[in-house]
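Peer 1: structure of the sequence below:
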Amino acid sequence: MSEVVLCGNSSTGMTQSEDQKQLNLYAEDYKVLSIRNGLMVIYSRISRTKGSDTASASTLTLPLGGVLFEITGNADINYITTTGWSEGSALNLIVRDGFTFKHNTANPPAGTSPLKLSGNVDFVAAADATLSVIWNGSYWYEMGRKI
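Peer 2: Residues are numbered from 1 along each chain as shown. Model prediction:
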C-alpha cells in the first residue's frame, strides 16, 4: 500500500496510508512510529529523562520533566503530589540518604495520593535503594524495589 507524505518527506517526515488508516513517522530513513486502528507501534528506543534531585518530604512534590528522580534528605514520605501527572504515570525513585516510604497514610492532602506498598507495610529505604511506582488516579502503587 502506498503512502501520502503529510509533512517533510518519505525518509524524514510523516506519511499516511492511502486508506487513511495508518500514520507513520520516519527519521533518517527509519520508521520510528506507526499508528493503525488505535494501536501505536514504536520501532525505536524510548529514552526516559531524569528529573532534578528532589528533597524528601512528607508530601513529595516532583518537578515536571522526568520520570527518574534522586531523592535526597531523610524525611519520611507519606504522599506524592499528583499535579501534572496523569493516570498511568510511572516513576522511578532513587534514595540518596535514608528514610521511610509510608504505606497508605490516611487523609491525603488535596492534589496528592498515598502509596500502596508491597506487603501493605512501610518500606524502610537505605541509601541507594530504589522504588518504582505507578499512579492509577487514587494511589501510587509499588511496581518494584531494590533494597
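Peer 1: C-alpha from now on. contacts and neighbour counts both.
Peer 2: OK.
Peer 1: residue 131 is in contact with residue 140, correct?
Peer 2: No. Using Cα atoms under 8 Å, residue 140 is not in contact with residue 131; the gap is 10.9 Å.
Peer 1: and residue 114, bridged to which residues?
Peer 2: For residue 114, the beta-bridge partners under DSSP bridges are residue 79.
Peer 1: how far away is it from residue 87?
Peer 2: Going from residue 114 to residue 87 by Cα to Cα, to the nearest Å gives 14 Å.
Peer 1: residue 140 and residue 131: who's more crowded?
Peer 2: Counted by other Cα atoms under 10 Å, residue 140 and residue 131 do not tie: residue 140 has more neighbours, with 28 against 19.
Peer 1: distance of the closest residue to the more buried one other than its chain neighbours from residue 104?
Peer 2: Among residues not flanking residue 140 along the chain, residue 115 sits closest, at 4.7 Å (Cα to Cα, 6 or more residues apart in numbering). Using Cα to Cα, residue 115 is found at 5 Å from residue 104.
Peer 1: overlap of the contact sets of the two?
Peer 2: Common contacts of residue 115 and residue 104 (Cα atoms under 8 Å, 6 or more residues apart in numbering): residue 78.
Peer 1: stretch 124-137: which residues count as buried?
Peer 2: The neighbour-count criterion (16 or more other Cα atoms under 10 Å) identifies 125-126, 129-135 as the buried residues of stretch 124-137.
Peer 1: residue 126: what's it in contact with?
Peer 2: 95-99, 147.
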